[in-house]
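Q: Got a sequence here, can you model it:
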Amino acid sequence: MLDTLKSIVSKVDADYADIRYERKKDIVIHFLGKDLHQISANATDGYVLRVLKKGGMSSIAFTKVDDAESAITKALHNAILIADSRKVPVRLAPGSVTTDSYVPPLHDDPRRISLDEKLDLTRRYNAIPMLHSRIATTDISYLEVIREKFFVNTEGSNIREDLITSRISGQIVSSDGSRIQNLRVGVGGSTGFHALRNREADFEKRTSIALQLHHAKPVKGGVYNVILNQSLAGVFTHEAFGHFSEADLIENNPSMRKKMKLNTRLGNKQVNIIDDPTLADRLGSYKYDDEGIAARPTQLMKQGVLVGRLHSRRTAAVFDEPMNGHAVAEDYRYAPIVRMGTIFIEPGEHKFEDLIVMLDDGLYILDAKGGQTSGENFTFGAQYGYEVKNGRISEMVRDVNLSGNLYETLKNIKAIGNDLRLSEIGGCGKGQLNIRSCHGAPHILVNNIVIGGV
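A: Below you'll find the model as predicted:
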């Protein structure tokens, strides 16, 4: 396949060109309550060609190699049209020439596991909550996505890499006759099918919490000091901060570029944030991005100071900053855009028990449940929480929504735990879907969070 791609790009009369071919395979097994709702297995493939000509850059997707010449003609034509309409020509930061083939080490490659075994495991996990009369239904799915990628550019790079993702996830819905409560559940990752085995305890725990929520009281609205658990702190890091670290999102926003200027103090001195796609055995791991650039750890915040951001080759040239391998596409249908890989708050020194004592009175809030951002302001739902009184965890609360301003919240992070946890289930819908987007954090203590409630 690499030879075919080399032949295609050799015919492109442009300042630069690259082509990515992918074979994509996915399996879905879906239960709704006790019923098996869907089993599907699909295999597709295709190409994405990008060309840079006279300062204009365009991309085109096609599915048949016989359409390559037509695709080249259209891409070149579009690039010239784009160049004519741009005030500033597109430039790409210089990249190194790479030849490599990388298949990540896996514990139980999902491609070698039978469909029957995948079905049996999903059925078993789905059955755990359904044993309880107050569980109204479930919505549990097995998802497996295999991307076998081949990349060639006119600079001489030739790269092959596989990305393998598998998970069992969904919702548990409980009812007491008058009120319904939803709780998310999920296990998986990019390390192989072994990550899905022997996870009964996870589904049992989430079922128990779904049932407990009916005895929880609605949270009382107000301003609280809070502890966010790893999941919720990770979502805050991804959604409220991380997207503003993606260079393409602030590129044409003068206000945000000013606020996100490097070497600006944005947070408390305890706050360190990094994005590291090279972390082995993590959902967001990859060796090369979809521009053929080697991924590397990128320190975004150091002791509260903004020190880095995430780039494609184009945005690295625009900002005159180092490339770091963060241009990622959903699949062969798309050209890459700037994406987070594995973003997290680095661990601090405090045990969880110490954070609870330091909080004294407030809320302990767990697990994200949807939300939105509007500029530098955010609103997130939490799946549940607990009151904390005199340094002790007390009653469970529900219907928790928290909101705030990114920069105020970063400065109000007062203590950081030593218990970093990264997500097993990813998902980011910025323009394209990225199921491997990984986030995490330790527990963090934050002052003056606005909580919506009764």
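
Q: Give the buried residues for the helix or strand harbouring Val357.
A: Using DSSP states H and E, Val357 maps to helix 352-359. If you call a residue buried by 16 or more other CB atoms under 10 Å, then helix 352-359 has these buried ones: 354-356, 359. Placement of C-beta: from N, CA and C, glycine included.

Q: elements contacting it?
A: For helix 352-359, the elements it packs on are strand 222-228, strand 413-416, strand 444-452, judged by 3 or more CB pairs under 8 Å, 6 or more residues apart in numbering; DSSP states H and E.

Q: Among the buried residues of helix 352-359, pick out the one closest to Asp3, please.
A: When those are compared for distance to Asp3 (CB to CB), Leu355 wins out at 56.7 Å.

Q: which non-adjacent residue is nearest the closest one?
A: Nearest non-adjacent residue to Leu355, counting by CB to CB, 6 or more residues apart in numbering: Leu445, 5.1 Å away.

Q: Repeat that for Ala41.
A: With CB to CB, 6+ apart as the measure, Ile27 is the residue that lies nearest to Ala41, at 4.9 Å, once sequence neighbours are left out.

Q: So which of the helices and strands packed on helix 352-359 is nearest Glu251?
A: Nearest of these (CB to CB): strand 413-416, 27.4 Å.

Q: what about Ala368, how many residues close to it?
A: Ala368: 24 surrounding residues under other CB atoms under 10 Å.

Q: secondary structure element for it?
A: Applying DSSP H and E as the criterion places Ala368 in strand 362-374.

Q: repeat for Phe380
A: Using DSSP H and E, the element containing Phe380 is strand 377-389.

Q: If you compare the directions of the helix or strand just after that strand and helix 352-359, what angle comes out?
A: As assigned by DSSP H and E, the chain's next helix or strand after strand 377-389 is strand 392-398. Between the axes of strand 392-398 and helix 352-359, defined by axes from the mean of the first three to the mean of the last three CA atoms, to 10 degrees, the angle is 90 degrees.

Q: Check which helices and strands whichever helix or strand comes after strand 392-398 sits against.
A: Going down the chain from strand 392-398, the next helix or strand is strand 400-405, by DSSP H and E. With contacts taken as 3+ CB pairs under 8 Å, 6+ apart, strand 400-405 sits against strand 362-374, strand 377-389, strand 444-452.

Q: Just the CA trace of strand 400-405, in PDB.
A: C-alpha atoms of strand 400-405 as PDB (Å, rounded to 0.1, in the frame of the first residue of the first chain):
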ATOM      1  CA  VAL A 400     -25.800  18.800  40.700                       C
ATOM      2  CA  ASN A 401     -24.800  21.400  38.200                       C
ATOM      3  CA  LEU A 402     -21.600  23.500  38.500                       C
ATOM      4  CA  SER A 403     -20.600  26.600  36.600                       C
ATOM      5  CA  GLY A 404     -17.800  29.100  36.600                       C
ATOM      6  CA  ASN A 405     -15.200  31.000  34.700                       C
END
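
Q: can you pull out the helices in the stretch 201-350 of the chain?
A: Taking DSSP state H, counting those that start in this stretch as the criterion, the stretch 201-350 of the chain carries its helices at 230-236, 247-250, 254-259, 313-319.

Q: next one: the last one to chain centre, how far?
A: Mean-position distance between helix 313-319 and its chain equals 22 Å (CA atoms, centre = their mean, to the nearest Å).

Q: Do me a favour and average the pLDDT over that helix.
A: Helix 313-319 shows a mean pLDDT of 98 in the predicted model.

Q: Packing partners of that helix?
A: Helix 313-319 packs on helix 247-250, going by 3+ CB pairs under 8 Å, 6+ apart.

Q: Could you give the separation of the helix it packs on from the chain centroid?
A: Counting by CA atoms, centre = their mean, helix 247-250 comes out at 17 Å from the chain centroid.

Q: Which other helices and strands does it contact?
A: helix 254-259, helix 313-319, strand 337-338.

Q: Can you list the neighbours in contact with the longest one?
A: It refers to helix 313-319. Applying CB atoms under 8 Å, 6 or more residues apart in numbering, the contact partners of helix 313-319 are 57, 90-93, 95, 247-248, 251, 291, 293, 309, 311, 322-324, 327, 338.

Q: Cool, thanks, signing off.
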